[in-house]
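Q: Below is the sequence, then the predicted model.
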Amino acid sequence: MKEKPISYLGMGILAFLFLGMDVVVLLVTFLFYGTMDFSARIEAHGFSVMLLQWGLTSVMWAAGVFSLYSLAKKKGYNVLENNSARAPLKNWIIVFALLIAAVIGQLLMYNMQFKPLVEFLRMRELFSSYAILAFIIQYIYYAFEVSLFLSVIVYGQKFGEIVFRKENIPWGGILCGLLWGLLHIFTKDLLTGIYLAAFSLVYGFVYLLLQKNVKYTYIVLALMFIL
C-alpha cells in the first residue's frame, strides 16, 4: 500500500497542537478557580493548583503521544523500528557538542544560572514543604512535553522523506521550527521565534545523527530541554 505523506504531516501538526492541551486544562479549570491567572490561582490555593494543572496536562499529553504512535503503527510505520540502530562515534561527538551548546544557550537565557536549580528554588519559594514533590511533577510534565516535540520531529521527518526523497535533511526539525518558531514570533517576539526555530533544527539534526533511534534521541532532547 502506497504511503500517504499528508497523513504524517497531519500527525506532526497534531502532535504540536496537543501541546495546547495545557491551555485547554487552564480554561476548563477556570470553572473552579474563577481566574485565568495561574500565579493568582497558586497564591490563593497553593500546591493543589499546580498538581491539577500539570498532572492533567501530562495525562493528556501521554494519551496524545500514544494515540499518534498507535495511528502510525496502523499505517505500517513503527516509530520505534530504529531503536536498535547504533550511531557512529563521530555522530555522538557532534551530538555531545550540540548538547553542550544547548546547555550554554539555556545558561544565557537564565542569566548564567543553572535552570534546574533556578526552578527548584522557585518551587521552594512557592510551595515550601511541597517543593521537592512540585519539582518532580514539573519535570514529569517536561518529560511528556519533550515526547510531543519528538513526535513532531519523527512524523515531520517521515513526511519530508516520502515527499522529497532525501533522508539527510532534518525535515522534522524544519516542521517543528516553522510551528514553534512562528508561534513565538506572533505571540512573543522575533528573537525568541528565531531562537526556537534554530533549537528545533538542532532537534531534527540530533534525530538524524542518532540514526532515527527514538530512545537515544529522546534522552538527548530531554537533557537539552531541561538542563
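A: In hand now; what should we look at? Not measured: the values here are computed from a predicted model.
Q: Please name the residues that touch the spatially most central residue of the chain.
A: Taking CA atoms, centre = their mean, the centroid of the chain lies closest to Val146, which sits 2.9 Å from it. Applying CB atoms under 8 Å, 6 or more residues apart in numbering, one finds that Val146 lies in contact with Tyr218, Leu221, Ala222, Phe225, Ile226. For every residue, glycine as well, the C-beta is placed using N, CA and C.
Q: Could you measure from the closest residue to Ala15 other than its chain neighbours over to Ile185?
A: Spatially, and ignoring its direct neighbours in sequence, Ala15 is nearest to Ser151 (3.7 Å; CB to CB, 6 or more residues apart in numbering). In this structure, Ser151 and Ile185 are 22 Å apart, going by CB to CB, to the nearest Å.
Q: Which residue of those two possesses the greater neighbour count?
A: Counted by other CB atoms under 10 Å, Ser151 and Ile185 do not tie: Ser151 has more neighbours, with 26 against 16.
Q: Checking the more buried one next. Helix, strand or coil?
A: Taken by DSSP: H, G, I helix; E, B strand; the rest coil, the conformation at Ser151 corresponds to helix.
Q: Assess the claim that Leu209 and Ile94 are in contact.
A: Yes - counting by CB atoms under 8 Å, Ile94 is a contact partner of Leu209 at 5.7 Å.
Q: Looking at these two, which has the bigger crowd around it?
A: Using other CB under 10 Å as the criterion, Leu209 and Ile94 rank with Leu209 on top: 22 against 16.
Q: quick one: contacts for that one?
A: Counted by CB under 8 Å, 6+ apart, Leu209 has contacts Ala87, Asn91, Trp92, Ile94, Val95.
Q: Trp61 too?
A: Trp61 is in contact with Phe18, Leu19, Met21, Phe144, Glu145, Ser147, Leu148, counting by CB under 8 Å, 6+ apart.
Q: follow-up on the earlier one: so for the residue nearest to the centre of the chain, what pLDDT did the model give?
A: Note on Val146: pLDDT of 94.
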